[in-house]
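Peer 1: Take this sequence and fold it.
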Amino acid sequence: MLKRWHGWMIAGLLTTGLAGAQTFEVASIKPDAAGNAGGEGSPRESVSYNPGGLTMRNVTLKSCIRWAYGVEDYQVSGPAWIASERFDIDAKAAAPSTEEQLRLMLRALLASRFQLRLHRETKEMAVYDLVAGKSGPKLTPAAGEGASRMRPTGGELIYSRYSMPEFAETLTGIPFRLDRTVVDKTGLTGTYDFRLKIAADAAAMKSGFEHAEGPLVFDILQQIGLRLEPRKGAVEVLTVDGAEKNPTAN
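Peer 2: The predicted structure is shown next:
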């Protein structure tokens, strides 16, 4: 969770601290008619960004909050409509911006246009501890230095220079989609190279990325001598205190 907590510590995190935040030069927010219609064939959510700005399609306000604050779905609570009403957002930055700057600008945009008000709190929730298996970890110390990297190859995920806290954080994302926080309790302090077999080939891997469910990870982790232990723990969450369903005009 280190990256996530670092993002939360940045000045201007919550609505009350956004007064001096950098904002988008131009931003358009419109209801997504096809997404709001629902039913089979409804478009999926998509988020893309580059130094020039941010494009979000068929997103809910809850999804926007998740991207803006770098949290998971289970860490955001509020009125039911924030997870059902869908929008298209096009936002242009005044100058080339980093991903973190774009996230900060989205927070300011949500506060301005949706009148979003939220606060952070700690709740006792179900979590997983990532621990060593009975036979011990099966990990190779990283070769060389540099940033951590994960890439799919065939039916495998190849991890390079990953620390265990970093790896624990990835388990709530694609393809594993665990629905609770994962806390590193392996006791391993280095960085490691390892691979996980997810599917038979690249085609099956793609399908797995689209349809994988959380329990998949329990079997997969055995490949590297790790396992998950369920317990209760303190989890940081964002609670929406108020928001307007119809954003202010562009």
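
Peer 1: quick one: buried residues of the longest helix anywhere in the chain?
Peer 2: Longest helix of the chain, by residue count under DSSP state H: helix 99-113. By 16 or more other Cβ atoms under 10 Å, the buried positions in helix 99-113 come out as L102, R103, L104, M105, L106, R107, A108, L109, L110, A111, S112, R113. Backbone N, C-alpha and C define where each C-beta goes, glycine included.

Peer 1: Tell me, what's the model's pLDDT at T191?
Peer 2: For T191, the pLDDT comes out at 96.

Peer 1: related to what we said a few turns ago, averaged pLDDT, the longest helix of the chain. What do you get?
Peer 2: Across helix 99-113, the average pLDDT comes to 96.

Peer 1: name the helices or strands packed onto that helix?
Peer 2: Identification of packing neighbours for helix 99-113 by 3 or more Cβ pairs under 8 Å, 6 or more residues apart in numbering; DSSP states H and E yields strand 26-31, strand 53-60, helix 61-69, strand 86-92.

Peer 1: Show me which residues of the shortest one are buried.
Peer 2: Applying a neighbour-count criterion of 16+ other Cβ under 10 Å, one finds A27, I29 buried in strand 26-31.

Peer 1: which outside residues touch it?
Peer 2: Contacting residues not belonging to strand 26-31 are listed as E85, R86, F87, D88, I89, D90, A91, K92, L109, R113, P247, N250 [Cβ atoms under 8 Å, 6 or more residues apart in numbering].

Peer 1: Likewise for stretch 229-238?
Peer 2: If you take Cβ under 8 Å, 6+ apart as the criterion, stretch 229-238 is touched by 5, 8, 65, 69, 71, 74-77, 118-129, 131, 180-181, 183, 185.

Peer 1: Show the buried residues in these.
Peer 2: By 16+ other Cβ under 10 Å, the contacts of stretch 229-238 give 8, 65, 69, 71, 74-76, 118, 127-129, 131, 180-181, 183, 185 as buried.

Peer 1: tell me the SS of the residue sitting furthest away from the middle of the chain?
Peer 2: Ranking residues of the chain by C-alpha distance from their mean position (Cα atoms, centre = their mean) puts S135 at the top, at 31.5 Å. Using DSSP: H, G, I helix; E, B strand; the rest coil, the structure places S135 in coil.

Peer 1: How about it: what's its closest non-neighbour residue?
Peer 2: G225 (5.9 Å; Cβ to Cβ, 6 or more residues apart in numbering).

Peer 1: cool, T60 as well?
Peer 2: Nearest one to T60, counting by Cβ to Cβ, 6+ apart, is A83 at 5.2 Å.

Peer 1: Contact partners for that neighbour?
Peer 2: Per Cβ under 8 Å, 6+ apart, neighbours of A83: T60, L61, K62.

Peer 1: Including distance to S28, could the contacts of strand 26-31 go into JSON lines?
Peer 2: As requested, these are exported to JSON lines (distance: Cβ to Cβ, whole Å):
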{"residue": "E85", "distance to S28": "16"}
{"residue": "R86", "distance to S28": "15"}
{"residue": "F87", "distance to S28": "10"}
{"residue": "D88", "distance to S28": "8"}
{"residue": "I89", "distance to S28": "7"}
{"residue": "D90", "distance to S28": "5"}
{"residue": "A91", "distance to S28": "8"}
{"residue": "K92", "distance to S28": "9"}
{"residue": "L109", "distance to S28": "10"}
{"residue": "R113", "distance to S28": "10"}
{"residue": "P247", "distance to S28": "10"}
{"residue": "N250", "distance to S28": "5"}
